[in-house]
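Visitor: Provided below for reference: sequence and predicted model.
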Amino acid sequence: MSLNKTSYRDWTSGNRARLSSATGSRALSSTARVTHRDDDRVTSANLQSTQRKVEHAIGSRVDEITQMVSDLEHTSAAVFTETNMLEQHKDKVEKSLQNTALPLEINRQCQQWREGRFGSDLVDDQVDRDLSAEELLLQQMQASLKKTVEDAQAQLRDLRAAKYKIDNDIKDKREAQSIDTTCRILKTSSAGIDRFLNSSKDIPAAVEPVDWFRFSSDNIATAEDEIRASQDLRMNIDDQVCDYEANLRDQWASVDGEFNNRILESTEALHRLKDSLAETQAEIDSQDRSLRDLDSTIKAKESPLMLAETRLYKRSARPNVELVRDDVHKALVEEANLIGDVVEKLRIDKSEAQEAHRSLVRGENELQEDIRTKQNSINIDNQCMQRRQHYKYRQI
């Protein structure tokens with residue numbers, strides 16, 4: 001049977017080719033092994049360096065977050081403390097505002113009562129002017145204190161808003177801190193590690209570290225600004241309440257002083273009026289007795305006058321030549337004229353005495369009316385002082 005055999009030369013050539021190919025393959029393999037070994041050594045070194053950087057970066061990041069959380073918590077606590085203090089000051093202002101209600105009520109009641117004065121005592125005196133000034137002061141205090149309460153409420157809202165942002169920032173950072181702490185302790189042997197495709201791609205919503213730092217720093221700065229504003233407001237509240245209380249005490253004391261002066265002045269005038277009334281009434285009694293004496297004197301003179309006139313009348317009936325202007329006639333005429341003059345003078349005295357009596361009675365009536373007027377004014381002012389003392393005792 002005929003076989004298809006190769007030539008010896010082909011066989012030799014083939015052996016050489018196969019040997020040469022094997023040698024080349026071994027050389028390539030050896031080179032690849034050396035390259036791989038070198039690459040593995042370099043890669044391992046680079047990976048270890050990168051892993052150390054990652055561990056350091058995560059540790060630094062956790063520390064950075066921890067420090068920022070601490071700063072935020074400190075600021076949050078400061079805002080909380082300041083909020084409580086401002087709440088107390090707001091309550092203080094509201095109490096001061098509430099405390100103006102009673103003195104204003106008393107002030108207006110006193111002004112209304114004093115409108116019950118009448119006659120010559122319905123006068124625009126210093127008490128009226130001081131009461132008006134006191135009312136104006138109280139109205140200004142109420143308006144200012146109401147404005148301060150509104151300012152405190154607005155500042156409290158700003159403080160709470162700042163704390164809300166701080167607390168939300170703390171919440172987010174604690175969550176980030178927890179995540180980074182978990183990542184920090186993960187190892188290649190840890191359970192739950194896996195491949196997460198696209199996890200290394202850039203996140204559009206991510207922010208730069210400088211923006212992260214600025215965000216929290218701005219929150220802290222805003223909160224600190226609100227704390228300073230609140231502290232300034234509290235200082236203003238302390239000064240305002242102190243000044244208003246001092247002003248009200250001074251004004252209240254001034255009005256009380258004017259009331260006391262006015263009551264003393266009116267009381268002294270009342271005593272003088274009563275003394276004058278007593279003197280007038282005594283003079284009226286004396287004048288009454290004088291009038292009775294005049295009536296008696298005039299009446300006593302009527303009989304001698306009638307006797308003289310009767311004698312003259314009867315003697316005028318003497319007949320003819322017997323109608324003589326003798327000494328008797330002359331004496332009777334003189335007597336009648338003298339008695340008539342005396343009676344006329346007494347009647348004039350009586351008329352003058354009666355006019356004086358009427359004037360005294362008018363004066364008595366005027367004094368009595370003025371006494372009633374003064375007594376009414378004193379009673380009103382004493383009533384006002386009693387009412388005002390009620391507020392003073394409440395202050396004490």
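Guide: Sure thing, it's come through.

Visitor: which residue is nearest the middle of the protein?
Guide: Of all residues in the chain, the one closest to the mean position by C-alpha atoms, centre = their mean is residue 145, 2.8 Å from it.

Visitor: I'd say that residue and residue 95 touch.
Guide: No. Look at residue 145 against residue 95 with C-beta atoms under 8 Å: they stay out of range, at 9.8 Å. The C-beta positions use only the backbone N, C-alpha and C, and glycine is treated the same way.

Visitor: Return the distance of the host helix or strand of residue 386 from the chain's centre.
Guide: Assessed by DSSP states H and E, residue 386 sits inside helix 327-395. Put simply, helix 327-395 sits 57 Å off its chain's centre (C-alpha atoms, centre = their mean, to the nearest Å).

Visitor: hang on, the earlier thing: work out for me the element the residue nearest to the residue nearest to the centre of the chain when sequence neighbours are not counted sits within.
Guide: Nearest residue to residue 145 in three dimensions, chain neighbours excluded: residue 97, at 4.1 Å (C-beta to C-beta, 6 or more residues apart in numbering). Using DSSP H and E, residue 97 sits in helix 8-99.

Visitor: likewise residue 318?
Guide: Per DSSP H and E, there is no helix or strand for residue 318.

Visitor: Any stretches of this protein with poor pLDDT?
Guide: Along the chain, the parts satisfying pLDDT under 70 run over 1-3, 38-40, 42-44, 46-48, 50-51, 188-189, 193-203, 392-396.

Visitor: sorry, back to before: just after the helix holding residue 97, pick out the following helix or strand.
Guide: Immediately after helix 8-99, counting by DSSP H and E, sits helix 101-114.

Visitor: circling back: by contact count, what packs against the helix or strand hosting the residue nearest to the centre of the chain?
Guide: Per DSSP H and E, residue 145 falls inside helix 126-185. When contacts are defined as 3 or more C-beta pairs under 8 Å, 6 or more residues apart in numbering; DSSP states H and E, helix 126-185 packs onto helix 8-99, helix 101-114, helix 209-315.

Visitor: any idea how far residue 77 lies from residue 166?
Guide: With the distance defined as C-beta to C-beta, to the nearest Å, residue 77 ends up 10 Å from residue 166.

Visitor: Neighbour count: these two, which is higher?
Guide: residue 166 (25 against 12; other C-beta atoms under 10 Å).

Visitor: where's the residue nearest to the centre of the chain relative to residue 249, distance?
Guide: Residue 145 sits 16 Å away from residue 249 when distances are taken as C-beta to C-beta.

Visitor: Equivalent analysis for residue 6, please.
Guide: In terms of C-beta to C-beta, residue 6 sits 134 Å off from residue 249.

Visitor: Count the neighbours of residue 149 for me.
Guide: By the measure other C-beta under 10 Å, the count of residues near residue 149 is 17.

Visitor: Name the nearest residue to it, sequence neighbours excluded.
Guide: Closest residue to residue 149 apart from its sequence neighbours, by C-beta to C-beta, 6+ apart: residue 93 at 5.3 Å.

Visitor: I'd say that neighbour and residue 145 touch.
Guide: Yes. At 5.6 Å, residue 93 counts as touching residue 145 under the criterion of C-beta under 8 Å.

Visitor: list residues touching both of those two?
Guide: Common neighbours of residue 93 and residue 145 are listed as residue 240 (criterion: C-beta atoms under 8 Å, 6 or more residues apart in numbering).

Visitor: my guess is residue 273 contacts residue 367, does it?
Guide: Yes. Residue 273 is in contact with residue 367 according to C-beta under 8 Å; the separation is 5.6 Å.

Visitor: residues in contact with residue 267?
Guide: By C-beta under 8 Å, 6+ apart, the neighbours of residue 267 are residue 378.

Visitor: For it, give its distance to residue 365.
Guide: Distance from residue 267 to residue 365, by C-beta to C-beta: 22 Å.

Visitor: From the contact counts, what lies against the helix holding residue 97?
Guide: helix 126-185, helix 209-315.

Visitor: Okay, angle between that helix and helix 126-185 too, please.
Guide: For helix 8-99 against helix 126-185, the angle by axes from the mean of the first three to the mean of the last three C-alpha atoms, to 10 degrees is 160 degrees.

Visitor: Could you check which helix or strand contains residue 191?
Guide: Using DSSP H and E, residue 191 is not contained in any helix or strand.

Visitor: so what's it up against?
Guide: Contact criterion C-beta under 8 Å, 6+ apart gives no residues in contact with residue 191.

Visitor: Give me the distance between it and residue 356.
Guide: Using C-beta to C-beta, we find residue 191 at a distance of 130 Å from residue 356.

Visitor: cool, and residue 372?
Guide: Remark: distance between residue 372 and residue 356 (C-beta to C-beta) = 25 Å.

Visitor: for residue 263, same thing?
Guide: Taking C-beta to C-beta as the measure, residue 263 falls 35 Å from residue 356.

Visitor: For the two, indicate the residue with more neighbours.
Guide: Taking neighbours as other C-beta under 10 Å, residue 263 and residue 356 compare with residue 263 leading, 19 against 15.

Visitor: re earlier: possible to save the helices and strands packed on helix 8-99 as JSON lines with distance to residue 71?
Guide: Listed next are the helices and strands packed on helix 8-99 as JSON lines, based on distance: least, C-beta to C-beta, whole Å:
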{"stretch": "helix 126-185", "distance to residue 71": "10"}
{"stretch": "helix 209-315", "distance to residue 71": "6"}
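
Visitor: Much appreciated, bye for now.
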